[in-house]
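1. This is the structure alone, sequence omitted:
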């Protein structure tokens, strides 16, 4: 579980976050210390992003996706809403971070895993079926 805090006054906002990430597997949970959960956009931007841990988008870590978006920012944006809109536009853009063949392999892996999971449950039910 992530713990984060933001304190705001008229001078600015202070943010803090824990640094532990847990990843759940079928066989248990792995805890990773020293995970960065506050991402800065760089020296030109007065914006930072709070993130809650180890997630991904289409098999790509959110950190990598975030860094690719930051590289598209040529100059500071006037409002926070424009940063949000820029990220949403980048996320929905057709530009692929992962080549199509790699994404296809990833999707096939998900489908195979889903099939095996369904098959396991069906086989388990068939043992008790008359």
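-> Here it is on my side, so go on. Because the structure is predicted, anything quoted here is derived from the model rather than measured.
2. For my notes, confirm residue 120 occurs in a strand.
-> No: looking at residue 120 with DSSP: H, G, I helix; E, B strand; the rest coil, it is helix, so not inside a strand.
3. Give the next helix or strand downstream of the helix or strand of the chain with the lowest mean pLDDT.
-> One helix or strand of the chain scores below all others by mean pLDDT, DSSP states H and E: strand 56-57, with a mean of 70. Reading on from strand 56-57 to the C-terminus, the next helix or strand found by DSSP states H and E is strand 60-61.
4. Distance from the chain centre to the least confident helix or strand of the chain, please.
-> 4 Å (C-alpha atoms, centre = their mean, to the nearest Å).
5. Show the low-confidence segments of this protein, by residue range.
-> Counting by pLDDT under 70, the chain contains low-confidence ranges at 53-54, 58-59, 94-96, 130.
6. Break down it into its helices, ranges please.
-> For the chain, the helices defined by DSSP state H occupy 62-71, 80-92, 100-127.
7. Mean neighbour count and distance to residue 1 for the ones you listed - can I get that in TSV?
-> Placement of C-beta: from N, CA and C, glycine included. Shown next, in TSV, are the helices of the chain (neighbours: other C-beta atoms under 10 Å; distance: least, C-beta to C-beta, whole Å):
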stretch	mean neighbour count	distance to residue 1
helix 62-71	16	17
helix 80-92	12	25
helix 100-127	10	26
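8. got a markdown table for these, with distance to residue 29 too?
-> Below are the helices of the chain laid out as a markdown table (distance: least, C-beta to C-beta, whole Å):
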| stretch | distance to residue 29 |
| --- | --- |
| helix 62-71 | 19 |
| helix 80-92 | 28 |
| helix 100-127 | 19 |
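9. Which of those helices sits closest to residue 8?
-> Proximity to residue 8 (C-beta to C-beta) singles out helix 80-92 among the helices of the chain, at 12.6 Å.
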